[in-house]
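Trainee: Sequence isn't available, so here's the structure alone:
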Ligand SMILES: NC(=O)c1ccc[n+]([C@@H]2O[C@H](COP(=O)([O-])OP(=O)(O)OC[C@H]3O[C@@H](n4cnc5c(N)ncnc54)[C@H](OP(=O)(O)O)[C@@H]3O)[C@@H](O)[C@H]2O)c1
């Protein structure tokens with residue numbers, strides 16, 4: 001039986017929104033497909049609202065945040081999760097591939113955060129979704145990896161920019177987590193995907209790939225007051241790497257915030273397709 005069979009449900013953003021709602025938050029979710037949004041909101045329940053939009057389109061972002069402001073007046077947690085990746089080896093990288101990948105992952109994430117800021121109060125939390133591809137080379141995936149490295153870099157700079165407002169910025173960098181992205185965006189057949197997952201599982205410390213809920217739990221930690229002294233990834237040090245490796249052997253997800261958590265009073269990251277305006281500030 002393929003390792004994916006019966007396992008791939010929805011993406012990381014959806015699982016995080018569902019978890020946040022279960023923990024007492026009111027969540028706004030965004031994405032370009034209305035049908036998917038409706039279905040996500042129906043599953044999450046009355047503590048969720050969908051606002052359709054493309055994060056690479058600045059007027060869509062304006063509309064999204066205007067709606068959140070009208071409904072709730074503020075955002076306590078921003079998870080900038082939306083992102084995409086497609087294969088293109090060096091030699092076959094087109095301008096369109098570059099523009100699309102950087103347009104969503106880098107420009108979209110930047111303006112999602114920037115446009116959310118006026119609604120974010122002192123002490124709120126931002127979590128960004130990068131990827132292990134930010135620090136590791138994968139075949140035909142260099143443009144994607146570069147966008148995710150940019151996200152980790154954003155977090156370092158934004159932590160400093162937001163220091164006076166005590167807004168934490170952190171980043172999760174998942175390893176392989178089978179989601180709908182694998183068939184819809186990577187264009188793999190079921191057999192190719194099964195082989196890819198098998199290979200990634202063998203290479204992983206736990207001998208398996210991750211599940212979206214495992215990333216969602218890390219995002220929840222970074223978004224909550226439990227991580228109040230965790231702020232932004234820092235430069236890697238021997239100690240940080242040692243800790244990181246130990247953690248990685250316990251859990252599949254590669255989580256950047258552990259790199260820097262001992263060195264600075266910075267803050268955590270976002271999952272891009274989901275924005276949460278917390279209804280009960282102390283619950284999450
Ligand atoms: N799965 C993994 O192994 C893995 C590993 C490392 C990092 N990540 C990162 O995790 C994030 C989520 O990935 P996933 O695997 O959960 O993928 P997914 O299932 O395809 O979910 C991606 C979500 O982002 C939304 N989205 C994409 N482009 C958008 C845009 N321009 N504007 C608004 N929404 C947009 C999609 O909705 P619409 O299509 O309806 O717009 C979808 O809901 C991504 O940033 C990805 O790079 C994933």
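Mentor: Ah, there it is. Note that the structure is predicted; figures quoted are calculated from it, not measured.

Trainee: Would it be right to say that residue 92 lies in a strand?
Mentor: No. Counting by DSSP: H, G, I helix; E, B strand; the rest coil, one finds residue 92 to be coil, located in no strand.

Trainee: interface residues of the stretch 51-200 of the chain facing the ligand?
Mentor: Proximity of the stretch 51-200 of the chain to the ligand (C-beta under 6 Å from any ligand atom) is limited to residues 54-56, 81-85, 104, 108, 129, 131, 174, 176-177, 179-181. The C-beta positions use only the backbone N, C-alpha and C, and glycine is treated the same way.

Trainee: rerun at 5 Å
Mentor: 54-56, 81-83, 104, 129, 131, 174, 176-177, 179-181 (C-beta under 5 Å from any ligand atom).

Trainee: Would you write a ChimeraX line that selects the buried entries of those residues?
Mentor: Of those, the buried ones go into a single ChimeraX selection, burial set by 16 or more other C-beta atoms under 10 Å:
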select :54,55,56,81,82,83,104,129,131,174,176,177,179,181
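
Trainee: Determine which two of the residues of the stretch 51-200 of the chain next to the ligand are furthest apart.
Mentor: Pairwise distances across those (C-beta to C-beta) peak at 26.1 Å, for the pair 54 and 176.

Trainee: So the residue lying closest to residue 121 once chain neighbours are set aside versus the ligand, what's the distance?
Mentor: In space, residue 121 comes closest to residue 74 once its chain neighbours are excluded; the distance is 5.9 Å by C-beta to C-beta, 6 or more residues apart in numbering. Distance, residue 74 to the ligand, by C-beta to the nearest ligand atom, to the nearest Å: 22 Å.

Trainee: what's the answer for residue 221, then?
Mentor: Counting by C-beta to the nearest ligand atom, the separation of residue 221 from the ligand is 17 Å.

Trainee: That residue: neighbouring residues, count only.
Mentor: Taking other C-beta atoms under 10 Å as the neighbour definition, residue 221 ends up with a count of 17.

Trainee: Would you mind confirming that it is in contact with residue 214?
Mentor: No. Counting by C-beta atoms under 8 Å, residue 221 sits too far from residue 214 to count as a contact (11.4 Å).

Trainee: follow-up on the earlier one: count the neighbours of the residue nearest to residue 121 for me.
Mentor: Using other C-beta under 10 Å, residue 74 has 14 other residues around it.

Trainee: Give me the phi and psi for it.
Mentor: With angles defined as degrees, to the nearest 10, residue 74 sits at phi -160, psi 170.

Trainee: where do the helices sit along this protein?
Mentor: Secondary structure of the chain, counting by DSSP state H: helices at 12-22, 34-44, 58-71, 95-102, 109-116, 142-161, 181-184, 190-203, 212-223, 238-250, 257-260.

Trainee: Can you lay out these as CSV showing mean pLDDT?
Mentor: Formatted as CSV, these follow (pLDDT from 0 to 100):
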stretch, mean pLDDT
helix 12-22, 97
helix 34-44, 96
helix 58-71, 98
helix 95-102, 98
helix 109-116, 98
helix 142-161, 96
helix 181-184, 76
helix 190-203, 87
helix 212-223, 94
helix 238-250, 42
helix 257-260, 34
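
Trainee: Can you lay out those as JSON lines showing distance to residue 124?
Mentor: Below are the helices of the chain laid out as JSON lines (distance: least, C-beta to C-beta, whole Å):
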{"stretch": "helix 12-22", "distance to residue 124": "14"}
{"stretch": "helix 34-44", "distance to residue 124": "21"}
{"stretch": "helix 58-71", "distance to residue 124": "13"}
{"stretch": "helix 95-102", "distance to residue 124": "27"}
{"stretch": "helix 109-116", "distance to residue 124": "9"}
{"stretch": "helix 142-161", "distance to residue 124": "13"}
{"stretch": "helix 181-184", "distance to residue 124": "28"}
{"stretch": "helix 190-203", "distance to residue 124": "35"}
{"stretch": "helix 212-223", "distance to residue 124": "9"}
{"stretch": "helix 238-250", "distance to residue 124": "26"}
{"stretch": "helix 257-260", "distance to residue 124": "16"}
